[in-house]
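**Student:** take a look and give me a structure for this.
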Amino acid sequence: MKLVSLLGEYWASLAAFGVFGLLHSIGAREPFKNALARWTSPFFVEHFWRFFYCALSFAALYYGIAALHWARHPENDVWLMVYPDWLWQAITVLHLGSVALMYVAFIQSDYLEFLGLKQAWKGLAALLGRATRQPNLELFGTHRLVTGGVYAWVRHPMMAGGLLFLMTSGPSLNNLVYTVMFAAYLHGNRRLLRGAAPAQDLRPGLRLLPGACRRVCPARVAVASGVTPMLERLSEYFYDPLVFWGVPFALVLLQAGARRLRSWVRRRL
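**Tutor:** Predicted structure coming up:
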């Protein structure tokens with residue numbers, strides 16, 4: 001009866017997440033992209049579909065599912081238990097580590113290509129008649145398989161970091177249900193874990209909860225009194241959606257600036 005009651009209470013977010021997972025998986029498959037290319041054009045799929053894929057995933061997950069899930073059940077943001085001080089400190093470290101893992105994976109990948117911006121820029125340049133080198137655009141526009149850095153530890157560090165982020169959030173009913181949905185999606189998307197060949201590796205778009213940290217681990221929930229102040233302040237710092245998304249893009253700009261500086265120094269030398 002408890003399970004039936006739970007399903008009845010969260011049926012809307014469960015259904016929305018199921019539709020999202022189905023469409024997200026279908027959108028990454030070659031048969032769908034081939035059909036889309038026949039309906040539109042191969043040029044659109046190669047240059048613009050990745051960008052639309054990421055944008056639609058972000059909008060569906062954040063503005064659709066996350067808002068629907070937490071906004072409909074604010075009473076279930078209360079924690080079901082209070083961790084001991086030592087356990088909460090360890091969980092906070094893991095929570096911040098999951099954010100760091102996602103940041104590092106994002107920076108290590110070709111982030112402009114990952115988000116579809118590089119392909120879209122090449123497409124716009126081609127439409128404007130500018131000469132551009134045409135890469136072999138496969139795997140939703142990603143034509144190289146990253147195997148170093150954090151990708152040597154886990155095949156999909158962004159998804160692993162997202163799961164760890166949810167698992168180390170506050171133990172409210174809302175968070176637990178959403179974590180189960182996310183884990184079920186990963187299990188159902190097993191092709192991401194066992195491709196027929198490394199070249200079939202697909203790196204899906206970002207589908208964590210940008211800016212939803214306030215709902216995932218709300219600051220208003222009381223926690224154990226002995227939490228290390230530094231960890232608590234650092235954790236609260238990342239609850240700001242501007243910070244959550246601003247930090248990786250600031251790192252991107254710093255990385256691009258460092259590359260230009262190195263190039264300038266080499267030319268001068």
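
**Student:** okay, now the unreliable bits of this protein?
**Tutor:** For the chain, residues meeting the criterion pLDDT under 70 lie at 1, 3, 131-146, 188-253, 255-256.

**Student:** mind listing what's buried in stretch 23-39?
**Tutor:** Neighbour-count burial for stretch 23-39, counted by 16 or more other C-beta atoms under 10 Å, picks out His24, Ser25, Gly27, Ala28, Lys33. Bear in mind the C-beta positions are built from the backbone N, C-alpha and C, glycine included.

**Student:** out of the residues you listed, which sit inside helices?
**Tutor:** His24, Ser25, Gly27, Lys33 (DSSP state H).

**Student:** and those residues, which is closest to Trp264?
**Tutor:** For these, the closest approach to Trp264 (C-beta to C-beta) belongs to Lys33, at 39.9 Å.

**Student:** now for the ones in helices among the buried residues of stretch 23-39: which two are most distant?
**Tutor:** Distances among those were taken as C-beta to C-beta; the most separated pair is His24 and Lys33, at 13.5 Å.

**Student:** which parts of this protein are helices?
**Tutor:** 2-9, 11-27, 30-39, 42-47, 49-58, 67-71, 85-108, 111-114, 117-127, 157-167, 173-188, 213-216, 229-237, 241-268.

**Student:** which of the ones you listed sits closest to Val78?
**Tutor:** Closest among these, using C-beta to C-beta: helix 173-188, at 8.0 Å.

**Student:** in the closest one, which residues are buried?
**Tutor:** Within helix 173-188, the residues that count as buried by 16+ other C-beta under 10 Å are Leu173, Asn174, Asn175, Leu176, Val177, Tyr178, Thr179, Met181, Phe182, Tyr185, Leu186.

**Student:** from Asn174, how far out is the nearest residue to the first one once chain neighbours are set aside?
**Tutor:** Beyond its immediate neighbours in the sequence, the residue positioned closest to Leu173 (C-beta to C-beta, 6 or more residues apart in numbering) is Asn76, lying 4.1 Å away. From Asn76 over to Asn174 the distance is 5 Å, taken as C-beta to C-beta, to the nearest Å.

**Student:** go on, Trp39?
**Tutor:** 39 Å.

**Student:** sorry, back to before: let's have the buried residues of helix 173-188 in a markdown table, adding distance to Ala90.
**Tutor:** Shown next, in a markdown table, are the buried residues of helix 173-188 (distance: C-beta to C-beta, whole Å):
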| residue | distance to Ala90 |
| --- | --- |
| Leu173 | 22 |
| Asn174 | 22 |
| Asn175 | 18 |
| Leu176 | 19 |
| Val177 | 24 |
| Tyr178 | 22 |
| Thr179 | 18 |
| Met181 | 25 |
| Phe182 | 22 |
| Tyr185 | 27 |
| Leu186 | 24 |
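
**Student:** how many other residues sit next to Lys122?
**Tutor:** 21 (other C-beta atoms under 10 Å).

**Student:** hang on, it packs against His47?
**Tutor:** Yes - between Lys122 and His47 there is a contact under C-beta atoms under 8 Å: 6.0 Å.

**Student:** shared neighbours, those two?
**Tutor:** Between them, Lys122 and His47 share no contacting residue under C-beta atoms under 8 Å, 6 or more residues apart in numbering.

**Student:** now for the helices of the chain, which one comes closest to Gly149?
**Tutor:** Across the helices of the chain, the minimum distance to Gly149, taken as C-beta to C-beta, is reached by helix 85-108, at 4.7 Å.

**Student:** with only the CA atoms kept, save the closest one in CSV.
**Tutor:** The C-alpha trace of helix 85-108 is given here as CSV (Å, rounded to 0.1, in the frame of the first residue of the first chain):
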residue,chain,number,x,y,z
ASP,A,85,27.9,15.0,12.6
TRP,A,86,30.8,12.9,11.3
LEU,A,87,28.6,11.2,8.7
TRP,A,88,27.2,14.5,7.5
GLN,A,89,30.7,16.0,7.1
ALA,A,90,31.8,13.0,5.0
ILE,A,91,28.6,13.2,2.9
THR,A,92,29.2,16.9,2.4
VAL,A,93,32.7,16.2,1.1
LEU,A,94,31.4,13.6,-1.3
HIS,A,95,28.6,16.1,-2.4
LEU,A,96,31.2,18.8,-3.2
GLY,A,97,33.4,16.1,-4.8
SER,A,98,30.5,15.2,-7.2
VAL,A,99,30.3,18.8,-8.3
ALA,A,100,34.0,18.9,-8.8
LEU,A,101,33.9,15.7,-10.9
MET,A,102,31.2,17.1,-13.1
TYR,A,103,33.2,20.3,-13.6
VAL,A,104,36.4,18.5,-14.4
ALA,A,105,34.7,16.2,-16.9
PHE,A,106,33.0,19.2,-18.5
ILE,A,107,36.3,21.1,-18.8
GLN,A,108,38.3,18.1,-20.0
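
**Student:** understood, closing this out.
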